[in-house]
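[1] structure of the sequence below:
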Amino acid sequence: MTTAHHTLTTQATDVAIDTSCRLLRLPTMRAQAAEIIGRAEREGMSYAVFLAELLMAECEDRDRRRSERRIRAAKFPREKYLRDFDYSANPNIDPAVVNNLATCDWVKNGYPLCLIGDSGTGKSHLLIALGTAAAMAGYRVRYITAAALVNELVEAADDKQLGKTIARYGRVDLLCIDELCYLELDRRGGEMLFQVLTEREEKNSIAAASNEAFTGWSSTFSDPRLCTAIVDRLTFNATIIETGTQSYRLAHSKAKQGMNDEKPS
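    Now for the predicted structure:
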């Protein structure tokens, strides 16, 4: 029995690769095929190495696109990365602790993270950057301010959708709550926030940033028992980073202003 060999012309081969990649939904292989074929011919790659190069390119690009989708789904207000964090501007923050958090083991274990300190001390930068690191590591992340979360929960309750909304916030692997205790919450708002924390307890991680030390949280949560329960939920097995009281944003602005003042007019 003989096998018929069809020799494709170069043009027909290019068309076949392009069409096949499109049908199989391999956009990176489609985009990079010509370049990798050229390199394979120049470098005398074996068929196996050539195939591995093409497949690895597709896999790497898919990973990158998935990460980008998870980062978009997290709804961060701005881009922040750990590599851009200036430790010299805030000596309160231990790089070793942050590097340990960057491994995302705490997210895998469902542990909380609390960032406590005044405005301008790097809390939100760390919150967003660690959330971004988790999204890039494959975890589902959602960022929201405490006020926006409570407003959403109140609206959901009014629309008889509270259970569904709490379940949605319960499902993400990491919930980043920014600006906790910036505004006083009424009892109803505080109780709804507590329900979200309870839904996630010892299952999925919460990272919270607050400009108020735990002792001052009673001004946000007027019910003392509710306040104690919320602090308990957020601190059990938690990593707590105190970013201090010196605003490096303010110091940076003042230093910049000083430099401008010194310039000859």
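[2] got the contact list for the residue lying closest to residue 55 once chain neighbours are set aside?
    What sits nearest to residue 55 in space, not counting adjacent residues and going by CB to CB, 6 or more residues apart in numbering, is residue 29, at 7.7 Å. No exception for glycine: its C-beta is placed from N, CA and C like everyone else's. Residues near residue 29 by CB atoms under 8 Å, 6 or more residues apart in numbering: 21, 54, 55, 57, 58.
[3] buried ones in the helix or strand hosting the last one, by neighbour count?
    Element membership for residue 58, per DSSP states H and E: helix 47-74. Neighbour counts using 16 or more other CB atoms under 10 Å place 50, 53, 54, 57, 58, 61, 70, 71, 74 of helix 47-74 among the buried residues.
[4] beta partners for residue 241?
    Counting by DSSP bridges, residue 241 is bridged to residue 115.
[5] count of neighbours near it?
    Using other CB atoms under 10 Å, the number of residues around residue 241 comes to 22.
[6] show me where the stretch 101-250 of the chain has strands.
    Using DSSP state E, counting those that start in this stretch, the strands found in the stretch 101-250 of the chain span residues 113-117, 141-145, 174-180, 205-210, 239-244.
[7] what would the ones you listed look like in JSON lines with distance to residue 40 and mean pLDDT?
    Output for the strands of the stretch 101-250 of the chain, formatted as JSON lines (distance: least, CB to CB, whole Å; pLDDT from 0 to 100):
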{"stretch": "strand 113-117", "distance to residue 40": "47", "mean pLDDT": "94"}
{"stretch": "strand 141-145", "distance to residue 40": "39", "mean pLDDT": "96"}
{"stretch": "strand 174-180", "distance to residue 40": "42", "mean pLDDT": "95"}
{"stretch": "strand 205-210", "distance to residue 40": "45", "mean pLDDT": "95"}
{"stretch": "strand 239-244", "distance to residue 40": "48", "mean pLDDT": "90"}
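[8] show me the one of those strands that comes nearest residue 86.
    Nearest of these to residue 86, taken as CB to CB: strand 239-244 at 12.3 Å.
[9] what are the ranges of the helices in the stretch 51-200 of the chain?
    Under the criterion DSSP state H, counting those that start in this stretch, the stretch 51-200 of the chain contains helices at 95-101, 105-108, 123-136, 146-158, 162-171, 187-200.
[10] how is the protein carved up into domains?
    For the chain, the structural domains run 11-66, 82-251, going by automatic domain parsing.
[11] any idea which of those domains scores lowest on pLDDT?
    Between the domains of the chain, the lowest average pLDDT goes to domain 11-66, which shows a mean of 87.
[12] where's residue 70 relative to residue 243, distance?
    To residue 243, residue 70 is 26 Å away according to CB to CB, to the nearest Å.
[13] correction: residue 178
    Counting by CB to CB, the separation of residue 178 from residue 243 is 13 Å.
[14] shared neighbours of those two, anything?
    Contacts common to residue 178 and residue 243, judged by CB under 8 Å, 6+ apart, are residue 123.
[15] quick one on the thing from earlier: give me the element the residue nearest to residue 55 is part of.
    Judged by DSSP H and E, residue 29 forms part of helix 27-43.
[16] distance of the closest residue to residue 39 other than its chain neighbours from residue 35?
    Closest residue to residue 39 apart from its sequence neighbours, by CB to CB, 6+ apart: residue 45 at 7.3 Å. Distance, residue 45 to residue 35, using CB to CB: 13 Å.
[17] more crowded one of the two?
    Neighbours were counted for residue 45 and for residue 35 using other CB under 10 Å; residue 45 has more, 16 against 11.
[18] what's the angle from the helix holding residue 29 to helix 47-74?
    Going by axes from the mean of the first three to the mean of the last three CA atoms, to 10 degrees, helix 27-43 is angled at 150 degrees with respect to helix 47-74.
[19] buried sites along helix 27-43?
    In helix 27-43, the ones that count as buried by 16+ other CB under 10 Å are 28, 29, 30, 32, 33, 36, 37, 40.
[20] helix or strand for the closest residue to the fifth one other than its chain neighbours, which one?
    With CB to CB, 6+ apart as the measure, residue 17 is the residue that lies nearest to residue 33, at 5.2 Å, once sequence neighbours are left out. Residue 17 is part of helix 10-23 when elements are defined by DSSP H and E.
[21] I appreciate the help and will end here.
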